[in-house]
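# predicted model and sequence below, questions to follow.
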Amino acid sequence: MSVKKVLIFDSGVGGLSVFEQVIKQSPAAQYFYLFDNAYFPYGELQADFIVRRLKRLLSVFVETHQIDLLVIACNTASTIALPFLREHFAIPIVGVVPAIKPAALLSKNGVIGLLATPATIDRPYTAQLIKEFAADKQVLKMGSTQLVKLAELKLYGKQIRLADIAAVLAPWLSLEKVPDTIVLGCTHFPLLREEIARCFPNKVNLVDSGNAIAQRVAQLLEQTPVEQRENNHQAYFTQAFTEQQSDEFNALKRSFLSFGFSTLQCFALDD
Ligand code: DGL
């Protein structure tokens, strides 16, 4: 049986929260991780730019590395680009969208907070999910690039302050009815799961889509051998780190190694 090659894509380190779940359920595949630091953060980009960028960047990567399955581990990209990418590529594509449905099932007080990027909270796709699965709930939406950047800093080995996360969540924390269930609608946010939970006065459900994505990937790969293969997982970024940033690069590389990758290197398109 040949080893399947899976590409996990995100604008930054957020896809690692998805990768962590995916590899647990499908340990026999070979994983590639690509993050587009040249255009990070995606939550601030125009929708049509994201679609064009992904078609071009992913076409070259998929071709170069002979990828069998593509995981768009980014809500901001998935909620806009999935139909275009599925039309463009012949390989199966798994996307990640905010976990509104499970959150609606979990909430007891009927107030759900959707925490995502500024782009994701405004997508028609997101509005449709809310209409379909949480029409009888109050859904509060918060778009935050600040939180995305804090998750990046954490994996760049920097100290992050709980007060900065609490400041982002403050509008919800001061409500009379604080949401009891939060949708982590950006793949960066599960990387701050503990910190986010600590900001809430009472127990809060933090729901993400990682496990659902992992199940879908396992189904598509249709291979569940018992043995984990030798680690040859590779991670790539699209914009080279400058010399001044080499400390950051080294810290980031350590994070990628701790998630199970063996390399972190540049994959730049010649523009
Ligand atoms: N991780 C991405 C997501 O799930 C987006 C972060 C960004 O703004 O680049 O939406």
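Everything's here; your move. Numbers count the residues shown, from 1 in each chain.

# alpha carbons only for contacts and neighbour counts from here, please
Will do.

# now whatever residue of the stretch 151-271 of the chain ends up closest to the ligand. Nearest residue, chain neighbours left out?
Nearest to the ligand in the stretch 151-271 of the chain, going by CA to the nearest ligand atom, is residue 186, at a distance of 3.4 Å. Sequence neighbours aside, residue 116 is the residue nearest to residue 186 in space, at 4.9 Å (criterion: CA to CA, 6 or more residues apart in numbering).

# ok, now which ones touch the residue of the stretch 151-271 of the chain closest to the ligand?
By CA atoms under 8 Å, 6 or more residues apart in numbering, the contact set of residue 186 is 14, 74-76, 98, 115-117, 148.

# how about 10 Å then?
14-15, 17, 43, 73-76, 96-98, 114-117, 120, 143-144, 147-148, 208-209 (CA atoms under 10 Å, 6 or more residues apart in numbering).

# residue 50 too?
39, 42-43, 76-78, 80-81.

# repeat that for 8 Å
Neighbours of residue 50 in contact, by CA under 8 Å, 6+ apart: 42, 77, 81.

# quick one, phi psi at the residue nearest to residue 186?
Main-chain dihedrals, residue 116, degrees, to the nearest 10: phi -150, psi -170.

# where along the stretch 1-150 of the chain do the strands fall?
Under the criterion DSSP state E, counting those that start in this stretch, strands of the stretch 1-150 of the chain are mapped to 5-10, 30-35, 69-72, 93-95, 111-116, 138-143.

# now tabulate these in JSON lines and tack on distance to the ligand and mean pLDDT.
Below are those laid out as JSON lines (distance: least, CA to the nearest ligand atom, whole Å; pLDDT from 0 to 100):
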{"stretch": "strand 5-10", "distance to the ligand": "6", "mean pLDDT": "98"}
{"stretch": "strand 30-35", "distance to the ligand": "9", "mean pLDDT": "98"}
{"stretch": "strand 69-72", "distance to the ligand": "9", "mean pLDDT": "98"}
{"stretch": "strand 93-95", "distance to the ligand": "10", "mean pLDDT": "98"}
{"stretch": "strand 111-116", "distance to the ligand": "6", "mean pLDDT": "98"}
{"stretch": "strand 138-143", "distance to the ligand": "10", "mean pLDDT": "98"}
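
# dump those into a markdown table; add mean neighbour count as well.
Listed next are the strands of the stretch 1-150 of the chain as a markdown table, based on neighbours: other CA atoms under 10 Å:
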| stretch | mean neighbour count |
| --- | --- |
| strand 5-10 | 26 |
| strand 30-35 | 23 |
| strand 69-72 | 24 |
| strand 93-95 | 19 |
| strand 111-116 | 24 |
| strand 138-143 | 18 |
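
# where does residue 226 land on pLDDT?
Here the pLDDT value assigned to residue 226 is 47.

# inside helices: which ones of the contacts of residue 50?
77, 81 (DSSP state H).

# the ligand: which of the contacts of residue 50 is nearest?
Once CA to the nearest ligand atom is applied, the member of those that ends up nearest the ligand is residue 42, at 3.6 Å.
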